[in-house]
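Engineer: Sequence and predicted structure, then a few things I'm wondering about:
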Amino acid sequence: MPSYVRPSLILNVDIDERDFSDEAVADIKRSYSYVAPSQVKPAEAPADTEDVVWPVANKMTLTVKMHRPYWEKDNPEAQELWEAVMPKWLHNMFAKVSNTIIASNKIRREKGRPTLDFPWTGINFADKMSITVKAPDDSSIPDSTIDLIEDLREIAVTGAFGEGAIAVSIPSRESYDAQYIAAYAEAKAKAEAEAAAAREAAEAEKAAAAMAEAEGLAEEAAIDDGSEALVAQEEAIEAADDESLAEEEQLVIVPEFDVDYTLWSVAYADGTTKTYDSSKAEFVD
C-alpha cells in the first residue's frame, strides 16, 4: 500500500471582541492543543442598531497545508492524493474540533460561565481556496461539509467561478444578515407583544390591589377621621402609579430560524465579490 503525505493543520481563531479575553485565549490554546497549534486574535464586533442586536461572530478556521499538489481535481496525481488522504483526514479533524467545542462549552455551563460559541466555520486550503460556512447551533462541523468541499472543488475545476476565485462564503454574509434581521424583527415583535400583555395583566392586578388598599384606608379615615390614614391612602395610590411608569427591562431577543444556504459570495484575488445562486448554478449579479 503506497504511503501518502499528510496535511498539516493550524487553527486560526477569531474571537468577537465582546468575548475576547486573556482567559479565552488561554482556554482555546489549552483545549485545542491536542488537535493542532492555534493562533487567536480579537475581531471587531458587528455594530448594534435600534432594529437589531447582533450575536457574537466568533470564527474557527482550520487552515490546511500540504506540500504536494492535491486540490486540482483535473490533475490525476493530485486527485489520487486527495481521494487517498483528504476525506478521512477532514472527517477526523472535524470530529476532533467539534467534540472539543461541545465538551468545552459543557464544562463552561457546568461552572456557570458563558459558552464560547463559533457561529462560523472556516476551512482554508492554503493558496487554493478559503471556505466559510455558517455552523449549526452547537458550533460543530458536520460531515456534510466534506461533500460541500467536494462540490466546490468540482465547480472550481469546471471554471464556473471564473479566474481568480479565492474565497467562498456559504451563505453570503449579506444573505445571512438579511435572514437574521428578518427573524430578529419577528422575534422582537412577538416578545414585545408578550411583554405588553404580561405588563397589562400585572398593572391591572396592581391597580386592583391599590384600589382595595385605598378603600380600606378610606374606611379607616372615615372612622378615625385621622390625617395619617388619608396621607397613607394618597401614598398608596401614588406608589401604584409610579410602579406602572417604571422603566421596562430590556428584552433579550434570540431569533430562531432555519438558515437558507442558497446564496453564496465568491471573492476574487483582485478584491471583487460576486453572488452565486447555488440552486441555479449561476451568478445573480
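Structural biologist: Looks like it arrived, so ask away. Residues are numbered from 1 along each chain as shown.
Engineer: So I102 sits against S140, correct?
Structural biologist: Yes - counting by C-beta atoms under 8 Å, I102 sits close enough to S140 to count as a contact (6.4 Å). From N, CA and C alone the C-beta is placed, and that goes for glycine too.
Engineer: If you count surrounding residues, which of those two has more?
Structural biologist: Neighbour tally, I102 and S140, criterion other C-beta atoms under 10 Å: the higher count belongs to S140, 18 against 13.
Engineer: Just give the closest residue to that one, not the sequence neighbours.
Structural biologist: Take S140 and drop its neighbours on the chain: the residue closest to it by C-beta to C-beta, 6 or more residues apart in numbering is S98, 3.8 Å away.
Engineer: Just checking the distance from the host helix or strand of the one you found to the centre of its chain.
Structural biologist: Per DSSP states H and E, S98 falls inside helix 76-110. Helix 76-110 has its C-alpha centroid displaced from the chain centroid by 20 Å (C-alpha atoms, centre = their mean, to the nearest Å).
Engineer: before we move on, back to that, the residue nearest to S140 against T145, yeah?
Structural biologist: No - contact criterion C-beta under 8 Å: S98 and T145 do not qualify, at 10.2 Å.
Engineer: got the buried residues for stretch 4-22?
Structural biologist: Going by neighbour count (16 or more other C-beta atoms under 10 Å), the buried part of stretch 4-22 is 4, 7, 9, 11-16, 19-20.
Engineer: closest to A208 among those residues?
Structural biologist: D19 (45.7 Å; C-beta to C-beta).
Engineer: In TSV, list the buried residues of stretch 4-22 along with distance to T275.
Structural biologist: Below are those laid out as TSV (distance: C-beta to C-beta, whole Å):
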residue	distance to T275
Y4	37
P7	30
L9	30
L11	29
N12	25
V13	28
D14	23
I15	28
D16	25
D19	29
F20	31
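Engineer: which one of those residues sits closest to A84?
Structural biologist: Looking across the buried residues of stretch 4-22 and measuring by C-beta to C-beta, the closest to A84 is Y4, at 5.1 Å.
Engineer: And that closest one, which helix or strand is it part of?
Structural biologist: For Y4, there is no enclosing helix or strand under DSSP H and E.
Engineer: Can we start the residue count at 37 from this point?
Structural biologist: That works, and once the first residue is 37, the last one we named lands at Y40.
Engineer: Heading C-terminal from the worst-scoring helix or strand of the chain on mean pLDDT, find the next helix or strand.
Structural biologist: The weakest-scoring helix or strand in the chain, judged by mean pLDDT, DSSP states H and E, is helix 263-280 (a mean of 55). Downstream of helix 263-280, the first helix or strand assigned by DSSP H and E is strand 299-304.
Engineer: and that following strand, which residues are buried?
Structural biologist: Under 16+ other C-beta under 10 Å, the buried positions of strand 299-304 are 299-303.
Engineer: Next: stretch 122-139.
Structural biologist: Here stretch 122-139 shows 122, 125-126, 129-130, 132-134, 136-137 as buried, counting by 16+ other C-beta under 10 Å.
Engineer: roughly how far apart are the residue nearest to the spatial centre of the chain and D50?
Structural biologist: Among the residues of the chain, the one closest to the centroid is P155, at 3.6 Å (C-alpha atoms, centre = their mean). P155 sits 11 Å away from D50, going by C-beta to C-beta, to the nearest Å.
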